[in-house]
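Chemist: Output the structure for:
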Amino acid sequence: MSQNSKSPELVLESSLQFYFFDQLQEINRKSTNPLPSETIYYSSIVMDKFGDSAQLFETVEGKVREKILGIKLLESNNMNREQQKRTLKDIGDTALLICGYFSDSLTKKLVDTRYYQELGQIAYQRLDSHIPSFYEMNSFYRILSASFENLTTLMSIMSRKSMSQSSQLSDEMILVVNDPNKLKAS
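Modeler: Below you'll find the predicted structure:
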């Protein structure tokens, strides 16, 4: 490789959550209306949690399927307080990730991003009544609900940026050959 060639950038982070936080914080700093760091931090935790794709799905009667957030929101009304907190948090977090990082996946669905955004906002608003203070911020989940659209925009920008970098990397793929005798030049 010549000295003029660009080598792929190596990113060192101690965790996926810190990587997401750094990326979101960088985009947030460029915003005309930056969001509080606490909401950026929370979003990075959500993204890290869903780094395990199994978190996006649920198992019902032995079958894995996508979470049906609207039904879960309705069912949460009949749950005890602890179940409601867990369910509302899951609905809000799932909607945040879908509307933000995976918003392009909704283009072929019956419902659009706006539907999931409204579900997420409602879930976080209701969660605020159960957890009125979080990260030493009063009304944290109400603030998160009000910031939902801006947060998903940041996440969407990050998603596009990472997809763009990944397509650039595929153009700069490095060939690794275990047996140099099998390498042929044409």
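
Chemist: longest helix of the chain?
Modeler: helix 148-171 (DSSP state H).

Chemist: And the contacts of that one?
Modeler: 8, 20, 23-24, 27-28, 31, 33, 35, 39-40, 43, 47, 96-97, 99-104, 113, 117, 120-121, 124, 144 (CB atoms under 8 Å, 6 or more residues apart in numbering). Yep, even glycine has a C-beta here, placed from its N, CA and C like the rest.

Chemist: Where do the helices of the chain begin and end?
Modeler: Counting by DSSP H, the helices of the chain are 16-29, 37-49, 69-76, 81-100, 113-130, 140-146, 148-171.

Chemist: Could you save these as a markdown table and add columns showing mean neighbour count?
Modeler: A markdown table is the format used below for the helices of the chain (neighbours: other CB atoms under 10 Å):
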| stretch | mean neighbour count |
| --- | --- |
| helix 16-29 | 18 |
| helix 37-49 | 20 |
| helix 69-76 | 16 |
| helix 81-100 | 21 |
| helix 113-130 | 20 |
| helix 140-146 | 21 |
| helix 148-171 | 15 |
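
Chemist: can you list those helices in CSV and add mean pLDDT and distance to Gly62?
Modeler: Below are the helices of the chain laid out as CSV (pLDDT from 0 to 100; distance: least, CB to CB, whole Å):
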stretch, mean pLDDT, distance to Gly62
helix 16-29, 93, 30
helix 37-49, 94, 24
helix 69-76, 96, 18
helix 81-100, 95, 20
helix 113-130, 95, 26
helix 140-146, 96, 33
helix 148-171, 76, 32
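
Chemist: okay, the ones you listed in a markdown table with distance to Leu56 next?
Modeler: Converted to a markdown table, those look like this (distance: least, CB to CB, whole Å):
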| stretch | distance to Leu56 |
| --- | --- |
| helix 16-29 | 15 |
| helix 37-49 | 10 |
| helix 69-76 | 11 |
| helix 81-100 | 7 |
| helix 113-130 | 12 |
| helix 140-146 | 19 |
| helix 148-171 | 14 |
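
Chemist: Compare those and give me the one nearest Val60.
Modeler: Each of the helices of the chain has some distance to Val60 by CB to CB; the shortest is helix 69-76, at 10.6 Å.

Chemist: Tell me what angle the closest one forms with helix 113-130.
Modeler: Angle of helix 69-76 versus helix 113-130, following axes from the mean of the first three to the mean of the last three CA atoms, to 10 degrees, is 20 degrees.
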